[in-house]
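> 3D, please:
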Amino acid sequence: MLKKLKLQGLLILCVILLGFIFNFLFTKSLMDIANEEQVNVTKLSSASNITPSSAWFRFMLPSHEFIELDNTVHVLTRNKDELLAIKAEHAFIESILSPYALISILLIVISLSSLARNQRNHQRQKVALDEINKDIHKLLKRFEVDEKSLRYGSTVTQIRHAINLIHEQVGEIQQQTDHHVYQDKLTQLIDRHAYIEHLEKQLKLAEQNKLRCGLLFIDLDGFKQVNDSFGHSFGDEILIQVANRLKDIVRQFKIQDLHPQNGIDQNLSRLGGDEFSVFVPDIRDPAFCTELAQAVLTEIERDFVLGNKLVKIGASIGIASYPESASQPHALLQMSDVAMYRAKTDGRGIFRVYSPEMGNKMRRYHYLLEELRLAISSNSFHMSFQPIVHVEDCAIDYFEALIRWQHPIEGLIPPSEFIPIAEESNLILELGDWILLESCRQMSAWHNAGMKKVKISVNVSGIQLKHKGIYNWVMDALNKTGLPASSLMLEITESTLITASEDIIQQLESCRKAGVSVAIDDFGTGFSSLSTLADLPIDVIKIDKLFITQANENPKYLKILNSISELGHQLGLKIVAEGVEQIEQFELVKNLGIRCVQGYLVSRPETSYNVGSKVLTGNVNHIATTGTSVWLPEVQKN
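Just a heads-up that it's a prediction; the model follows:
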């Protein structure tokens, strides 16, 4: 409404200005006509009878007098005391056609067009501002900002106010985003990325101020079993409770470093999975880190309450110090990780402080890991075969397939060194495929040569059981090599079998139904109960060599051996004694009723060529008759 009144007032002003200009031009035209023309000018005497005109335009020129003369409208004017009557039509034409009039009209047209253009621009701007205002209101709704304060004032004022509100909201969102980007969503601790950034800053300050710093690498013991037994939701709750306990310890030892904006403790981090770390920015007491580590161990060993369940776990901790262990964040974290692995190796539930000797082992580990990858890609392994024989006649019951790695520089690297590396890196999956196929291929050749009652046993790790569909994997290898299922045995350690999932147990049972035998290896080291043993899908028990070596010296081990032998007979299982290296041990296990032995007394692992030479040469008739051959102990050769 106000804008309309302004426009109307402007138009009225323009009309008044136009009338003023026209009056001025009309008067000037009358003066010019009176001085120059005679045709359209009539002189009047003062006594002339003047008849006023009723022409409509007289209202436009109120300062002039119009009369009727000879039926024509004239306008009166004076020139040198003379009263003149000039035709109004001629005066109008002269006024309009005068240069001043044309210039005035042109200026008026330009002004009006400029005014109209400005008005159109203003209208377009208004429409654009209205659209912008609508978009801003939509944005405010998405931010859930109260819009009541934006209902007053001009559009520009509303937009400015809205922009200020958005600016405030964006600042809050940015702060929240920064808070979440560097925060572990589950435990609300800072994540590995933010932790390393913090370590970089702290180590620079430590270098400037000549400070000693410490770092604890904490890995939970038994956490995987919690996940497997109770599910990931219980595991997540364990991690949350661990994080809260660590927060309390960090506060108790007064080593907190809260972020100035989001308030998160920067000296405590969840690195990933079940791994945590605590940074000590200033070590003044040499025993501070060990006291802190012991407090962490004690706190984590306390019961965890999960609903109506009590769960026990532990932790292994590695400690590294700056600048003794390392001077860079990644290196410091790695050295503490190395010390943590030493703690796990030494028994779990303890802490270890990094030493250079540990670093040498880690470098050895990574060196062998890379060499192992190259060896797998270049097929640099070969198989050896160790016979397992019956104690009565030394007839071969089966061969255990054992992988060997002949390194081009270091020579023979024992499986005890490279197999754990292969398992930790999952290279055992690719390596295990080759072992199974090569073992089955070799046994197929011996089977076709007449050894139809001899089996080949292949060791299978827990990693393979977890990642392979064991039944399909085994059947595929048998089909590729043509080996009968009855000629294959799978050896699985006791510790792996007693923690195997129900799906793995079912797949092993399917293998047994197909004819494949299953042996439990290293029996006696996994603490399995008798009920567990009865439920496992096994055909053979291999007694760990520890019991064999101790049986002649320790009566308790002898009793355990006797019990295992009786247990095997009652369950219908074949018992194999591992690690038989002396004739006394051979006689002992024979007297205990154990019918099969394996060890250096019988034979060391041999190449396939040596096995063929010893077994097949000269024994063709015996093999054809019995389906097996004889492998006499080496001590009986003389």
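> if I read this right, V280 contacts Q202, doesn't it?
No. Counting by C-beta atoms under 8 Å, V280 stays clear of Q202, with 9.8 Å between them. Using the backbone N, CA and C atoms, a C-beta is placed for each residue, glycine as well.
> Return every residue with contacts to both of those two.
Counting by C-beta atoms under 8 Å, 6 or more residues apart in numbering, the shared contacts of V280 and Q202 are C213.
> tell me which helix or strand of this structure sits lowest on mean pLDDT?
helix 155-181 (a mean of 60; mean pLDDT, DSSP states H and E).
> Enumerate the positions of the helix or strand just after that one that are buried.
The element immediately downstream of helix 155-181 (helix or strand, assigned by DSSP states H and E) is helix 192-209. Using 16 or more other C-beta atoms under 10 Å as the test for burial, helix 192-209 gives 192, 194-196, 198-199, 202-203, 206.
> Relative to T617, how far out is W446?
13 Å (C-beta to C-beta, to the nearest Å).
> mind checking which helix or strand I67 is in?
Going by DSSP H and E, I67 is part of strand 65-69.
> which residues are in contact with that strand?
If you take C-beta under 8 Å, 6+ apart as the criterion, strand 65-69 is touched by 42, 50-53, 55, 57-58, 73-76, 85, 88.
> What's the mean pLDDT across stretch 491-505?
Averaging pLDDT along stretch 491-505 gives 87.
> ugh, typo on my part, it should be stretch 285-293
93.
> Over to stretch 259-271?
pLDDT averaged over stretch 259-271 gives 87.
> Between the two ends of it, how far is it?
18 Å (C-alpha to C-alpha, to the nearest Å).
> Flag every buried residue along it.
259, 264-271.
> what about the longest helix in the chain?
Counting residues, the longest helix found in the chain (DSSP state H) is helix 99-142.
> Determine how far that one lies from the middle of the whole chain.
54 Å (C-alpha atoms, centre = their mean, to the nearest Å).
> quick one: average confidence on it?
74.
> Kindly report the same for stretch 212-232.
88.
> What pairs with the helix or strand where K542 lies, parallel or antiparallel?
Under the criterion of DSSP H and E, K542 resides in strand 540-543. Here strand 540-543 is paired, per DSSP bridges, with strand 517-523 (parallel), strand 574-577 (parallel).
> Among those strands, which comes closest to S613?
Of all the strands paired with strand 540-543, strand 574-577 sits nearest to S613, with 24.9 Å by C-beta to C-beta.
> And the next helix or strand past that closest one?
Taking DSSP H and E, what comes next after strand 574-577 is helix 583-591.
> what residues does that next one touch?
Contacts for helix 583-591 (C-beta under 8 Å, 6+ apart): 391-392, 548-549, 551-552, 558, 561, 577, 579-580, 597, 599, 601, 633, 635.
> Could you pull out the buried residues of that helix?
585-586, 588-590.
> Of those, which is the nearest to N459?
V589 (21.8 Å).
> what's the distance between that closest one and K455?
Applying C-beta to C-beta to V589 and K455 gives a distance of 20 Å.
> residues of stretch 243-257 that come out buried?
243, 245-247, 249-250, 253, 255.
> which ones among those are found in helices?
Per DSSP H, the subset of the buried residues of stretch 243-257 in helices is 243, 245-247, 249-250.
> Redo the buried residues of helix 192-209 as a markdown table? Include distance to F385 and pLDDT.
Converted to a markdown table, those look like this (distance: C-beta to C-beta, whole Å; pLDDT from 0 to 100):
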| residue | distance to F385 | pLDDT |
| --- | --- | --- |
| R192 | 46 | 91 |
| A194 | 54 | 91 |
| Y195 | 51 | 93 |
| I196 | 49 | 93 |
| H198 | 56 | 94 |
| L199 | 52 | 95 |
| Q202 | 57 | 95 |
| L203 | 54 | 95 |
| A206 | 58 | 94 |
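> Just name the closest of the residues you listed to V540, please.
Once C-beta to C-beta is applied, the member of these that ends up nearest V540 is R192, at 45.7 Å.
> Name the nearest residue to the closest one, ignoring sequence neighbours.
L271 (4.7 Å; C-beta to C-beta, 6 or more residues apart in numbering).
> Specify the local secondary structure of the one you found.
strand (DSSP: H, G, I helix; E, B strand; the rest coil).
> before we move on, what about L83?
Strictly by three-state DSSP, L83 counts as strand.
> Now do the nearest residue to it once chain neighbours are set aside against I456, distance only.
Closest residue to L83 apart from its sequence neighbours, by C-beta to C-beta, 6+ apart: L44 at 4.6 Å. Noted for L44: a distance of 147 Å to I456, by C-beta to C-beta.
> can you check A287 too?
56 Å.
> just how off-centre is the strand holding I67 within its chain?
100 Å.
> Kindly report the same for stretch 26-45.
100 Å.
> Pull the residues that contact it.
In contact with stretch 26-45 (C-beta under 8 Å, 6+ apart) are residues 50, 61, 63-64, 69, 74-77, 79, 82-87, 90-92, 94-95, 98, 100.
> Next, the buried residues of that stretch.
So, applying 16+ other C-beta under 10 Å, buried residues of stretch 26-45: 26-27, 29-30, 33-34, 40-42, 44.
> out of these, which are inside helices?
26-27, 29-30, 33-34.
> Look up phi and psi at V580.
With angles defined as degrees, to the nearest 10, V580 sits at phi -80, psi 110.
> Can you classify the closest residue to it other than its chain neighbours by secondary structure?
Closest residue to V580 apart from its sequence neighbours, by C-beta to C-beta, 6+ apart: G599 at 3.5 Å. Recorded secondary structure, G599: coil (three-state DSSP).
> I figured G599 was touching P605, is that so?
No. G599 is beyond contact range of P605, at 11.0 Å (criterion: C-beta under 8 Å).
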